[in-house]
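Visitor: Build me a model:
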Amino acid sequence: MRNNKTIPLKGGAGGGPRILFIDRDGTIIVEPPITFQIDSLEKLEFLPYAISTLRKIAEQMDFEFVMVSNQDGLGTKKYPQKAYDLVQRKMMKTLKNEGIIFSDIFIDKSFDEDNAPNRKPRTGMLKKYISGNYDLKNSIVLGDRLTDLKLAKNLGSKAILIRNALNKKLKVPAELTDVLALDAKDWNAIYTFFSSPSRNISHTRKTNETSIAIGLDLDPSTSSGQVPKGKSKISTGLPFFDHMLEQIAKHGNIDLTISAKGDLQIDEHHTIEDVGITLGETFLKALGDKRGIERYGFCLPMDDCLAQVALDFGGRNWIEWKAEFKREKIGEMPTEMFFHFFKSFSDAAKCNLNIKAEGTNEHHKIEAIFKAFAKAIKMAVKRDKDNMQLPSTKGVL
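Guide: Okay, the predicted model is just below:
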């Protein structure tokens, strides 16, 4: 079960490294019932897909791995240190051979009744990460117990709960649901969560002249399971502008809602401009760090017209516009505002736009531009889940 909490593939700017705090028993390796101790190599068994998923996370994302585990009574006669070390060395060597490296390993040996400051969910072992320059807000605690969720809450991070044979019926109390980013049935679900973060965004922008609210879902089939895609509900007070914006949803295969209230009694300018800005900002937020996207995207004919829209979500704003209109207005929308809308979008979304159109029918010309724009978006935001790399040699977009 995925909760509606997006974890970016890349940490926030200036926030320091993100950490994946990972539990051991019941999370990476199978925890035996009754004793709950892996004290011999015969008991060492990895959870299905744990190794392959951790390797892909290590290769494709910017988390540091830190192991945090409670090992009740480690070092006692019932749980000798030597038996633990044998299993731990074998496990760590196996992971290292697959490119899975842990920056730190923290093991608490106390019992629950000891109330030791280092025992999860308390944070005594993790002072380095609390006081240091780490992005705990976008860090994650991954484990199979409520103590892992509580640790996430104490750190100000999010949590992933992985299910196994021992915790199938575990219920998450209401006070911990706010930190739970994912209730995962297995490691495959965890990779899907990381590789396909939600791109369903709501965004508002208010000024003294306009109030704009936009809902955008770049992956409607995965977010809602509803068919068909490309649904829209547009209300700007300018019917022809609404008609053009509907093309973005329909031909871009995205779900889009726009509610705009502006000072139309004065002029159309502010409403059209601010819709462009807000829509661009919404796309910028939805695309996140842009890993896995195609990035580039289209030419489209419509009767007597040919429109070409080249788009690059490369992190820089620029627009080239070669489209002339002889009419002052189409419907109630001034033709001079077409350029201004796309310029506003380019500035806010930090993308390059190169738009050209030729033809004789003015309505067809601008409609072809909007449809080609939608197709360019469809191409550019498409994700390759098997290659979640950043489409740039710079390392950032």
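
Visitor: Could I get the contacting residues of the nearest residue to residue 305 once chain neighbours are set aside?
Guide: Nearest residue to residue 305 in three dimensions, chain neighbours excluded: residue 359, at 2.9 Å (Cβ to Cβ, 6 or more residues apart in numbering). For glycine as for every other residue, the C-beta is placed from the backbone atoms N, C-alpha and C. For residue 359, the contacting residues are 302-306, 365, 368, by Cβ atoms under 8 Å, 6 or more residues apart in numbering.

Visitor: Residue 311 now?
Guide: Residue 311 touches 296-298, 351-354, 373, 376-377, 380, counting by Cβ under 8 Å, 6+ apart.

Visitor: Can you name the next helix or strand after the lowest-mean-pLDDT helix or strand in the chain?
Guide: Lowest by mean pLDDT, DSSP states H and E among the helices and strands of the chain is helix 220-223, with a mean of 64. Counting by DSSP states H and E, the element after helix 220-223 in chain order, helix or strand, is strand 232-235.

Visitor: residue contacts, residue 123?
Guide: Contacts of residue 123 (Cβ under 8 Å, 6+ apart): 130, 151, 154-155.

Visitor: Can you say which of the residues you listed are buried?
Guide: With burial judged by 16 or more other Cβ atoms under 10 Å, the buried subset of those is 151, 154-155.

Visitor: Can you redo the residues you listed as JSON lines, where the extra columns are pLDDT, secondary structure and distance to residue 390?
Guide: As requested, the buried ones among the contacts of residue 123 are exported to JSON lines (pLDDT from 0 to 100; DSSP: H, G, I helix; E, B strand; the rest coil; distance: Cβ to Cβ, whole Å):
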{"residue": "151", "pLDDT": "98", "secondary structure": "helix", "distance to residue 390": "30"}
{"residue": "154", "pLDDT": "97", "secondary structure": "helix", "distance to residue 390": "32"}
{"residue": "155", "pLDDT": "97", "secondary structure": "helix", "distance to residue 390": "27"}
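
Visitor: returning to that earlier point: tell me the two of the contacts of residue 123 that are most distant?
Guide: Spatial extent of these (Cβ to Cβ) is set by the pair 130 and 151 at 11.6 Å.

Visitor: Is the residue lying farthest from the centre of the chain in a helix, a strand, or coil?
Guide: What lies farthest from the middle of the chain is residue 77; by Cα atoms, centre = their mean that is 46.8 Å. Judged by DSSP: H, G, I helix; E, B strand; the rest coil, the three-state class of residue 77 is coil.

Visitor: That one and residue 55: what is the separation?
Guide: Residue 77 sits 37 Å away from residue 55, going by Cβ to Cβ, to the nearest Å.

Visitor: go on, residue 245?
Guide: Taking Cβ to Cβ, one finds residue 245 at 43 Å from residue 55.

Visitor: Show me which of the two is the more surrounded one.
Guide: Legend: neighbour count by other Cβ atoms under 10 Å for residue 245 and residue 55, higher for residue 245 (23 against 14).

Visitor: which residues does the more buried one contact?
Guide: Per Cβ under 8 Å, 6+ apart, neighbours of residue 245: 232, 234, 236, 256, 258, 275, 370.

Visitor: got it, and residue 362?
Guide: Neighbour list for residue 362: 325-327, 330, 335 [criterion: Cβ under 8 Å, 6+ apart].

Visitor: now that we have these, which one has the most neighbours?
Guide: residue 330 leads the contacts of residue 362 on contacts (other Cβ under 10 Å) with 19 neighbours.

Visitor: For the buried ones among the contacts of residue 123, could you give me TSV that also reports distance to residue 43?
Guide: What follows is the buried ones among the contacts of residue 123, written out as TSV (distance: Cβ to Cβ, whole Å):
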residue	distance to residue 43
151	25
154	30
155	30
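
Visitor: Among the residues you listed, which one sits closest to residue 120?
Guide: Nearest to residue 120 among the buried ones among the contacts of residue 123, with distances taken as Cβ to Cβ, is residue 151, at 5.1 Å.

Visitor: For burial, what's the neighbour tally of the closest residue to the closest one other than its chain neighbours?
Guide: Once flanking residues are discounted, residue 151 sits nearest to residue 121: 4.1 Å by Cβ to Cβ, 6+ apart. Look at residue 121: counted by other Cβ under 10 Å, it has 19 neighbours.

Visitor: go on, residue 239?
Guide: 13.

Visitor: quick one: the helices in the stretch 51-200 of the chain?
Guide: 81-97, 127-131, 146-155, 187-195 (DSSP state H, counting those that start in this stretch).

Visitor: Can you name the residues in contact with the shortest one?
Guide: Helix 127-131 is contacted by residues 19, 66, 104, 123, 136, 139, 155 when judged by Cβ under 8 Å, 6+ apart.

Visitor: Ok, the longest one next?
Guide: Counting contacts by Cβ under 8 Å, 6+ apart, the residues outside helix 81-97 that touch it are 24, 28-29, 38-41, 43-44, 46, 51, 54, 71, 74-75, 101-102, 105.

Visitor: Could you rerun that using 6 Å?
Guide: Residues from elsewhere that reach helix 81-97 (Cβ atoms under 6 Å, 6 or more residues apart in numbering): 38-39, 44, 74-75.

Visitor: follow-up on the earlier one: mind picking the two most distant members of the contacts of residue 362?
Guide: 326 and 330 (10.7 Å).

Visitor: Identify the residue spatially nearest to residue 383, adjacent ones excluded.
Guide: residue 292 (4.3 Å).

Visitor: What's the local residue count around that neighbour?
Guide: Using other Cβ under 10 Å: residue 292 sits among 23 other residues.

Visitor: So for it, what's the pLDDT?
Guide: At residue 292, the model reports a pLDDT of 77.

Visitor: let's have the chain start at 10 instead
Guide: Fine by me, first position is 10 from now on; the one you just mentioned is residue 301.
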